[in-house]
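Enquirer: the sequence and its predicted three-dimensional model are supplied below.
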Amino acid sequence: MSDWTLSRAKTRIDRREELDELTARIRYEVRVHLNGSTAHNAYDELTDIFAIGHAECSALLKHRRVLPLWERLLLQRYTRRLYGKAVSATVGDLPADAGPAPAAAFGPEIASLTPDSGDTGAKFDLQGRGLVNVFRIAAGRHGEIWPDRHDVATTSARSVLTCSAVFLRRRVWHVVWPVYRVRGLRLWKL
């Protein structure tokens, strides 16, 4: 093997380890909430939820071009499922050295995270906010608007754990056949 091939293989392994570490952080945060409901003051403002989600999503998508095509497709699905369309679409709009996402630049995206009292299916993220964002909204002050707030937080947290467990075991065939069973839903795509 040439030096370039070995270097690329090493870079892919390093990037996969970074992805697994970032996924483990998300899983840890969700498990802490499930095993002992703690109040999260960092999730009281939607701009903070957006900034945290944006930073995590951009960290996941950083250096994605070193991965093979099938893994890039799974990573794109994974980030869109966890962080929603609004957050994952803005990753390319903010330079890496800009710091936290400014609220003035992403006003409509932050407004799309705002919960409504009539949200049906919020616990299954039928609005496309992202499972982690729904979990954080339910854990913060804005989640008080939902009558089934605890159920929304618990169900979205369990869905995050299931989704991330599937992503940690990613294989090529997940691109072709991405249907999995999850609590509360019959069919669900990663």
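Expert: Structure received.

Enquirer: in the protein, where is pLDDT below threshold?
Expert: Within the chain, the stretches with pLDDT under 70 are 1, 37-41, 95-103, 116-126, 177-190.

Enquirer: quick check: nearest residue in space to the residue nearest the centre of it, chain neighbours excluded?
Expert: Centroid check for the chain by Cα atoms, centre = their mean gives L82 as the closest residue, at 2.6 Å. Closest residue in space to L82, ignoring its immediate chain neighbours: V132 at 4.8 Å, by Cβ to Cβ, 6 or more residues apart in numbering. The way it works is simple: take the backbone N, C-alpha and C, and place the C-beta from them, glycine included.

Enquirer: that neighbour in helix, strand or coil?
Expert: Following DSSP: H, G, I helix; E, B strand; the rest coil, the label given to V132 is helix.

Enquirer: ok, it - contacts?
Expert: 26, 30, 53, 56, 82-83, 156, 160 (Cβ atoms under 8 Å, 6 or more residues apart in numbering).

Enquirer: hmm, which two among those are most spread apart?
Expert: Across the contacts of V132, no pair lies farther apart than E56 and S156, at 15.5 Å, counting by Cβ to Cβ.

Enquirer: who has more neighbours, those two?
Expert: Neighbours were counted for E56 and for S156 using other Cβ atoms under 10 Å; S156 has more, 26 against 20.

Enquirer: burial count for the spatially closest residue to H174 that is not a sequence neighbour?
Expert: In space, and not counting its chain neighbours, H174 is closest to L74: 5.8 Å by Cβ to Cβ, 6+ apart. By the other Cβ under 10 Å criterion, the neighbourhood of L74 contains 21 residues.

Enquirer: same question for the one 10 residues further on.
Expert: Here the number of neighbours of G84 (other Cβ under 10 Å) works out to 25.

Enquirer: check which helices and strands the lengthiest helix in the chain sits against.
Expert: Counting residues, the longest helix found in the chain (DSSP state H) is helix 3-35. For helix 3-35, the elements it packs on are helix 46-61, helix 69-89, helix 131-139, helix 149-168, judged by 3 or more Cβ pairs under 8 Å, 6 or more residues apart in numbering; DSSP states H and E.
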